[in-house]
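S.K.: build me a model from this:
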Amino acid sequence: MAKTLIKNGLLIDGNGGDPQSDQVVVIENQHIVYVGPESEYNATGNEKVLDAQGGTILPGLIDTHVHMMMEYSPLSERLTKPFSYMYFEAQKYLKNTLNAGVTTVRDALGTDLGVKKAIEEGLIKGPRMQLSINALTITGGHGDGTQLNGDVLDILPSGHRGMPDGRCDGVAEVRKKTREMLRAGAEVIKVHATGGVLSPTDHPEFTQFSLEELKAIVEEGKFRKGVKVMAHAQGSEGIKNAVRAGIHSIEHGIFIDDEAIELMLENGTYLVPTLLAPVSVLETADEKGMPQSAVDKSKEVIEQHKASFTKAYQAGVKIAMGTDAGVMKHGTNLRELGLMVDAGMTPMDAIVATTKTAAECLGWVDQIGTIEEGKMADVVVVKGNPLENIYSLADNDQIQYVIKDGQVEKDLLHTKEKVVS
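M.R.: So this is what the prediction gives:
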């Protein structure tokens, strides 16, 4: 297979260093085989050249918190939609994610192993996936769709083949439920350690699961060659319980306090902020039929969420970009970078959060997250310099070229084949 040489672009390699000019990136099959000055590359004479046209060359971007099997919709639509229809909708969501330059995602519940397998075997197009299968939740907690009238209206169906129901209470049950998720193909365990914005019968500050239950979940993951645990954790006590239990990443982190920050720094815990989630709830409340309780809770927490992110970032907590895509439309993921910059993060740190740090959070930094020789060929070319306008990345038309695993997934540059001189 001919090599592909990408040239004439500013290189931001994901490591956080200064952008580099006059560099080329060479891809062969699924891997990057050369990164460096064009003058030092020994051409073979038959490279396929991609002209970045003065844009910027980035690693494939990573979203560490998505729900690929859904986009929030009014209850009337969910009640009248045949079960299997969601799999066909997901094909569109997966494609939209790639078109945004996101080549890897961590699915935070709802996607089963068959979808990942279909992507890997080329049946459908989509980003590389790390699966949690379904989230563990207490009875009556975030993730329990039982309404006040007793009807069960889960946002996504569960309890079917490949998607175990996540409700469990007590140490013995959480151990069993964790094992069921692992059996179903979970590569990371998701747990709801607090209430949430979209759940009908709790509040983001409510604490869910005891410290002993959370420790049992973490322990079960360790038995499987170190499978990590990610925790939906919004209230301060739930956050601290999760960190003390050894949980790997805190999702949302709305009410982080100083003690929680110290614990996260001591334990190397990641924060996945998802600043876009409550923003999107408020923006789409009427269109999507968001419950009034979710709107009210979003209004209540949105400024606190931003303040907690700023405090954690300034303290040096490791931050991996995540959006909660599915609450909002897939393909709008990179709006999160602008929100992080609005909250005090530098544009370069925002890019590192969605490349190298995100790859570290997934445990895949040896394969993806930076443009380096030997790594998987996940490369994105964008118009202009995103360090000068980070908000531009939210426009998918700015994403000119997307390569995942060495395969072209999007091409707005019209590649030309020619011999390297």
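S.K.: only C-alpha atoms from now on, for both contacts and neighbour counts.
M.R.: Noted.
S.K.: next one: the closest residue to His305 other than its chain neighbours from Asp378, what distance?
M.R.: Distance criterion CA to CA, 6 or more residues apart in numbering; nearest residue to His305, sequence neighbours excluded, is Ile254 at 4.3 Å. The gap separating Ile254 from Asp378 is 32 Å, by CA to CA, to the nearest Å.
S.K.: could you give the number of residues near the residue nearest to His305?
M.R.: Neighbourhood size, Ile254 [other CA atoms under 10 Å]: 27.
S.K.: Gln234 is in contact with that one, correct?
M.R.: Yes - counting by CA atoms under 8 Å, Ile254 does reach Gln234; the two are 4.7 Å apart.
S.K.: ok so, going back, report the secondary structure state of the residue nearest to His305.
M.R.: coil (DSSP: H, G, I helix; E, B strand; the rest coil).
S.K.: that one and Gly195, how far apart?
M.R.: From Ile254 to Gly195 the distance is 11 Å (CA to CA).
S.K.: can you report how many residues neighbour His414?
M.R.: 11.
S.K.: lowest confidence element among the helices and strands of the chain?
M.R.: strand 416-417 (a mean of 46; mean pLDDT, DSSP states H and E).
S.K.: any low-confidence regions in the stretch 51-200 of the chain?
M.R.: Low-confidence segments of the stretch 51-200 of the chain (pLDDT under 70): 146, 148, 151-153, 200.
S.K.: can you confirm Val33 is in a helix?
M.R.: No - counting by three-state DSSP, Val33 is located in no helix; its state is strand.
S.K.: okay, the residue nearest to it when sequence neighbours are not counted and Ser293: tell me how far apart.
M.R.: Nearest residue to Val33 in three dimensions, chain neighbours excluded: Glu373, at 5.0 Å (CA to CA, 6+ apart). Using CA to CA, one gets 50 Å for the distance from Glu373 to Ser293.
S.K.: before we move on, what about Lys3?
M.R.: 54 Å.
S.K.: neighbour count winner among those two?
M.R.: Each of Lys3 and Ser293 has its neighbours counted (other CA under 10 Å); Lys3 has more, 19 against 15.
S.K.: please parse this structure into its domains.
M.R.: Segmentation of the chain into domains, based on automatic domain parsing, reads 4-60+370-417, 61-362.
S.K.: which residues in the stretch 101-250 of the chain form helices?
M.R.: For the stretch 101-250 of the chain, helices defined by DSSP state H, counting those that start in this stretch occupy the ranges 113-120, 171-183, 211-223, 236-245.
S.K.: separation between Gly372 and Asp13?
M.R.: In this structure residue 372 is Glu, not Gly. Distance from Glu372 to Asp13, by CA to CA: 7 Å.
S.K.: and the two? which has more neighbours close in?
M.R.: A count of neighbours by other CA under 10 Å puts Asp13 above the other of Glu372 and Asp13, at 25 against 22.
S.K.: how about the contacts made by Gly384?
M.R.: Neighbour list for Gly384: Gly54, Gly55, Thr56 [criterion: CA atoms under 8 Å, 6 or more residues apart in numbering].
S.K.: quick one: it and Ile57, what's the gap?
M.R.: For Gly384 relative to Ile57 (CA to CA), the value is 10 Å.
S.K.: what of Val197?
M.R.: 37 Å.
S.K.: who's more crowded, these two?
M.R.: More crowded of Val197 and Ile57, by other CA under 10 Å: Ile57, with 30 against 25.
S.K.: how about the longest helix that the chain contains: buried residues?
M.R.: Ranked by number of residues, the top helix in the chain under DSSP state H is helix 292-315. Neighbour counts over helix 292-315 (16 or more other CA atoms under 10 Å) mark 294-295, 297-298, 301-302, 305-313 as buried.
S.K.: with stretch 135-147 instead?
M.R.: Ala135, Leu136, Thr137, Ile138, Thr139, Gly140, Gly141, His142, Gly143, Asp144, Gly145, Thr146.
S.K.: hmm, who's touching it?
M.R.: Identification of contacts with stretch 135-147 by CA under 8 Å, 6+ apart yields 108-109, 152-155, 166-169, 174, 177-178, 189-196, 198-202, 208-209.
S.K.: again with stretch 244-260
M.R.: By CA under 8 Å, 6+ apart, stretch 244-260 touches 65, 205, 211-212, 214-215, 218, 228-236, 239-240, 242-243, 263, 267-275, 301, 304-306, 308-309, 312, 361.
S.K.: please repeat the previous calculation with a cut-off of 7 Å.
M.R.: Residues outside stretch 244-260 that contact it (CA atoms under 7 Å, 6 or more residues apart in numbering): 211, 214-215, 218, 228-236, 239-240, 269-274, 304-305, 308.
S.K.: looking at this, Glu251 is in a helix?
M.R.: No - counting by three-state DSSP, Glu251 falls outside a helix, being strand.
S.K.: packing partners for the following helix or strand past the longest helix of the chain?
M.R.: Using DSSP states H and E, the next helix or strand after helix 292-315 towards the C-terminus is strand 318-319. Using 3 or more CA pairs under 7 Å, 6 or more residues apart in numbering; DSSP states H and E, the elements in contact with strand 318-319 are strand 270-272.
S.K.: each with direction, which strands does the strand it packs on pair with?
M.R.: With DSSP bridges as the test, strand 270-272 is paired with strand 249-252 (parallel), strand 318-319 (parallel).
S.K.: mind listing what's buried along the helix or strand following it?
M.R.: Where DSSP H and E defines the elements, the next helix or strand beyond strand 270-272 is helix 276-283. By neighbour count on 16+ other CA under 10 Å, the buried set for helix 276-283 is Leu276, Ala277, Pro278, Val279, Ser280, Val281, Leu282.
S.K.: next, the contact list for the fifth one, please.
M.R.: Ser280 is in contact with Met328, counting by CA under 7 Å, 6+ apart.
S.K.: pLDDT score for it?
M.R.: Ser280 carries a pLDDT value of 88.
S.K.: great, nothing more from me.
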